[in-house]
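K.L.:
need coordinates for the below:
(2 chains)
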Amino acid sequence: MTEPGKKPTHFIQEIIDADRAAGRYGGRVHTRFPPEPNGYLHIGHAKAIWIDFSTAEANGGLCNLRFDDTNPTTEEEEFVEAIKEDVRWLGFDWGDRLYYASDYFEQLYQYAEELIKRGKAYVCDLSPEELRAYRGTLTEPGRESPYRNRSVEENLDLFRRMRAGEFPDGSRTLRAKIDMASPNLNMRDPVIYRIQRARHHRTGDTWCIYPMYDFAHPLSDAIEGITHSLCTLEFEDHRPLYNWFLEALEIPDPPQQIEFARLELTHTITSKRKLRQLVEGGYVRGWDDPRMPTLRGMRRRGYPPEAIIDFCSRVGVSKTNAVISLGFLEHVVREHLNRTAQRVMAVLNPLKVVITNFPEDRVEWVEVENNPEDPEAGTRQVPFTREIYIERDDFMEDPPKKFFRLAPGREVRLKGACYITCQEVVKDPATGEVIELRCTWDPESLGGSTPDGRRVKGTLHWVSARHAVPAEVRLYEPLFLTEDPEEGGDFLANLNPNSLQVLTGCLVEPGLAGAAVGSRYQFLRHGYFAVDPDSTEDLLVFNRIVPLRDSWQKIQGRERT
RNA sequence: UGGGGAGUGGUGUAACGGGAACACGCUGGACUCUGGAUCCAGUAAUGAAGGUUCGAAUCCUUCCUCCCCAGCCA
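P.N.:
The predicted model follows:
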């Protein structure tokens, strides 16, 4: 766990340190998280959110939440609320600094007029197709628009009439007058305003022209007094343009854009389009499916937000395109849950055990610790009776060498309760399936050890048959079989057919009855689980957050191959 | 074949001219009322070639590889 409040050491912090040493921005640090409200946030956004908010905080500064809502055709109010919810869930607070680029539409418009007046922008009548043709290619320069040298008066008049709605959608644009021969395509007279009669989720039909990102972003930053505008690597090519607008308008103390690498995870996609394909194609149950890399999916799965943040901070900040292994995320989640999750016994695949020398009506309440990692967590009482269930995998009639669990004639410990010895195996005469074990217990072992100090190799979890609470348990595996879902060219072909396994007829200890949705537990020897909102009064539903490391499974897997 | 970035163990991050470190993974062992956790040990890296220097991951040159850019998306 990284210590909170400790100053980070990444390259962005170094830039900030240098700025402060030089007295830039009067020593201020002000960042912003600028999502476009056109979809749900995912794990990649978590890194951006963490960087934006935590670097501000670490430097005594502030971070704004600003919706970058300059494209009304794709944006919706629904996403605004969802994004706010997700950022809050991660534990960040934007205070009263909730902004929208659309709040600045009038101001941005005035900036655009100013650009025209300075001879740095012009209205262009080229069609989208012509514009593309005029732009040139990666290796050939573009050509200047025939409308490039209109007078300031004509441009102003035309632009005002664009705003007034005198021209059809797409018929004209406002372009920055920069350099059609620039090797950086972004500088080849980029469009800064387009005509678009679309209802905006906040401004309604007030506007029929909307600013482009490249124009709106640096100026929105300037308006909010942002000092360090942090974004991902693909905007590196846009930085000259970002700076160009600020210079062209002579913005004092201009903000600076700094780019860092996105967070990518193995076995995971974050492309909005592909995520939508998974949802719409029914490959997952929705945007909050616990297998999804969306923050809502991870929340439902049971990932603690603190663990996600810790993960981000431990992955680090750099400019190297990196793919972090899903295993590392799981490690951090386990580490967090190991310290915080209450232990509980749950039998996922029950096998009945009758303890023949245990009185029929006796209920022995045994004491079990809630979390051996945290003495403060205390203990609880669990009922032990003559008929119990153990995990079917914890018994083998003909056990291999390193199998330390129950087998005919073998003695094991039942966690917190006692030692039992398997005396008889009852099978279904028709199928040969083991349906019941008849065991005896050693009353001396009550509590989990014996006066003679003899040792048993295995400790099993169990539930009392008549006290157990039924549950459904959903086990998850990565959505994709391959580290890189794009391997082979078709991500759908790499989908893991076993990404969801639903276990019914599971039995959990009685204390779990009525457990709150979202609460997290460690099912002893299985993993960490969270209560799913699908739970009802009659049936608890659990999601497996992450399994426990399992060295037995590893040994088995090794011997099988 | 233009422009912008990036190359350190299997993975991610450090080292900022001076003994390549940390974390995850992996291997082995200790311990254990979770085959968990913990502990201990081991494994393994500076893209290449030149050059500067007493000394280079770090500075210079050339080369190689990978990523991004031709929306009136962000």
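K.L.:
any part of the helix or strand containing A:Tyr111 near RNA strand B?
P.N.:
Secondary structure from DSSP states H and E places A:Tyr111 in helix A:105-117. No. With C-beta under 7 Å from any atom of the strand as the criterion, RNA strand B is not reached by helix A:105-117; the gap is at least 11.4 Å. Yep, even glycine has a C-beta here, placed from its N, CA and C like the rest.
K.L.:
next, the buried residues of that helix.
P.N.:
Residues A:105, A:108-109, A:111-113, A:115-116 are the ones in helix A:105-117 that count as buried (16 or more other C-beta atoms under 10 Å).
K.L.:
residues in contact with that helix?
P.N.:
The contact list for helix A:105-117 (C-beta atoms under 8 Å, 6 or more residues apart in numbering) reads A:101, A:121-122, A:152, A:155-156, A:159, A:163, A:174, A:176, A:192-193, A:203, A:206-207, A:209-211, A:215-216, A:219-220, A:223, A:245, A:248-249.
K.L.:
mind checking which of those residues land in helices?
P.N.:
In this view, the contacts of helix A:105-117 that belong to helices under DSSP state H are A:152, A:155-156, A:159, A:163, A:215-216, A:219-220, A:223, A:245, A:248.
K.L.:
get me the contact residues on the stretch 1-150 of chain A for RNA strand B.
P.N.:
A:9-11, A:14, A:34, A:36, A:68, A:70-71, A:74, A:126-128, A:131-132, A:135, A:137-139.
K.L.:
weed out the non-buried ones from those.
P.N.:
Buried by 16+ other C-beta under 10 Å: A:10, A:34, A:36, A:68, A:70-71, A:126, A:131, A:135, out of these.
K.L.:
for whatever residue of the stretch 351-500 of chain A ends up closest to RNA strand B, what are its contacts?
P.N.:
Scanning the stretch 351-500 of chain A for proximity to RNA strand B using C-beta to the nearest atom of the strand identifies A:Gly448 as nearest, at 1.4 Å. By C-beta under 8 Å, 6+ apart, A:Gly448 lies in contact with A:366, A:413, A:415-418.
K.L.:
one step back: ok, so of the buried residues of helix A:105-117, who is nearest A:Ala516?
P.N.:
Of all these, A:Phe105 has the smallest distance to A:Ala516: 43.8 Å, by C-beta to C-beta.
K.L.:
for A:Leu540, see how far away that closest one is.
P.N.:
Look at A:Phe105 and A:Leu540: by C-beta to C-beta, to the nearest Å, they are 50 Å apart.
K.L.:
picking that back up, farthest pair within the contacts of A:Gly448?
P.N.:
A:Val366 and A:Arg413 (11.6 Å).
K.L.:
give me the residues contacting the one helix or strand A:Ile83 maps to.
P.N.:
Taking DSSP H and E as the criterion, A:Ile83 maps to helix A:77-89. With C-beta under 8 Å, 6+ apart as the test, helix A:77-89 has contacts from A:33, A:35, A:37-41, A:45, A:49, A:65, A:67, A:69, A:94, A:98, A:201-202, A:295-296, A:299, A:305.
K.L.:
so which of those are in helices?
P.N.:
A:45, A:49, A:295-296, A:299, A:305.
K.L.:
want to throw these into JSON lines with neighbour count?
P.N.:
Formatted as JSON lines, the ones in helices among the contacts of helix A:77-89 follow (neighbours: other C-beta atoms under 10 Å):
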{"residue": "A:His45", "neighbour count": "23"}
{"residue": "A:Ile49", "neighbour count": "25"}
{"residue": "A:Leu295", "neighbour count": "27"}
{"residue": "A:Arg296", "neighbour count": "20"}
{"residue": "A:Arg299", "neighbour count": "20"}
{"residue": "A:Pro305", "neighbour count": "18"}
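K.L.:
which one of those residues is nearest to A:Ile388?
P.N.:
Closest approach between the ones in helices among the contacts of helix A:77-89 and A:Ile388, by C-beta to C-beta: A:Arg299, at 34.7 Å.
K.L.:
just confirm yes or no for stretch A:435-443 near RNA strand B.
P.N.:
No. Using C-beta under 7 Å from any atom of the strand, stretch A:435-443 stays clear of RNA strand B, coming no nearer than 12.1 Å.
K.L.:
buried residues in that stretch, which are they?
P.N.:
Buried-residue list, stretch A:435-443, by 16+ other C-beta under 10 Å: A:437, A:439-441.
K.L.:
let me know the closest of those residues to A:Ile269.
P.N.:
Using C-beta to C-beta, the buried residues of stretch A:435-443 come closest to A:Ile269 at A:Leu437, 45.4 Å.
K.L.:
and that closest one, what does it touch?
P.N.:
By C-beta under 8 Å, 6+ apart, A:Leu437 lies in contact with A:351-354, A:390, A:395, A:406, A:422, A:424-426.
K.L.:
and those, which of them are buried?
P.N.:
So, of the contacts of A:Leu437, A:351-354, A:390, A:395, A:406, A:422 end up buried under the neighbour-count rule (16+ other C-beta under 10 Å).
K.L.:
any chance of those residues in CSV, with pLDDT too?
P.N.:
Output for the buried ones among the contacts of A:Leu437, formatted as CSV (pLDDT from 0 to 100):
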residue, pLDDT
A:Leu351, 98
A:Lys352, 98
A:Val353, 98
A:Val354, 98
A:Ile390, 98
A:Phe395, 98
A:Leu406, 97
A:Cys422, 98
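K.L.:
let's see which of these end up in strands.
P.N.:
Applying DSSP state E to these, the entries found in strands are A:351-354, A:390, A:422.
K.L.:
ok, so of the buried residues of stretch A:435-443, who is nearest A:Ile555?
P.N.:
Out of the buried residues of stretch A:435-443, the member with the shortest distance to A:Ile555 (by C-beta to C-beta) is A:Leu437, at 23.7 Å.
K.L.:
quick one: secondary structure of the closest one?
P.N.:
At A:Leu437 the chain is in strand, as set by DSSP: H, G, I helix; E, B strand; the rest coil.
K.L.:
for the stretch 251-400 of chain A, which residue gets nearest to RNA strand B?
P.N.:
Closest point on the stretch 251-400 of chain A to RNA strand B, by C-beta to the nearest atom of the strand, is A:Gly316, at 2.9 Å.
K.L.:
find the nearest non-adjacent residue to that residue, please.
P.N.:
In this structure, A:Gly316 finds its nearest non-sequential neighbour in A:His10, 6.3 Å apart by C-beta to C-beta, 6 or more residues apart in numbering.
K.L.:
show me the contacts for the one you found.
P.N.:
Contacts for A:His10 (C-beta under 8 Å, 6+ apart) come out as A:316-318.
K.L.:
give me the pLDDT for it.
P.N.:
Listed pLDDT for A:His10 reads 95.
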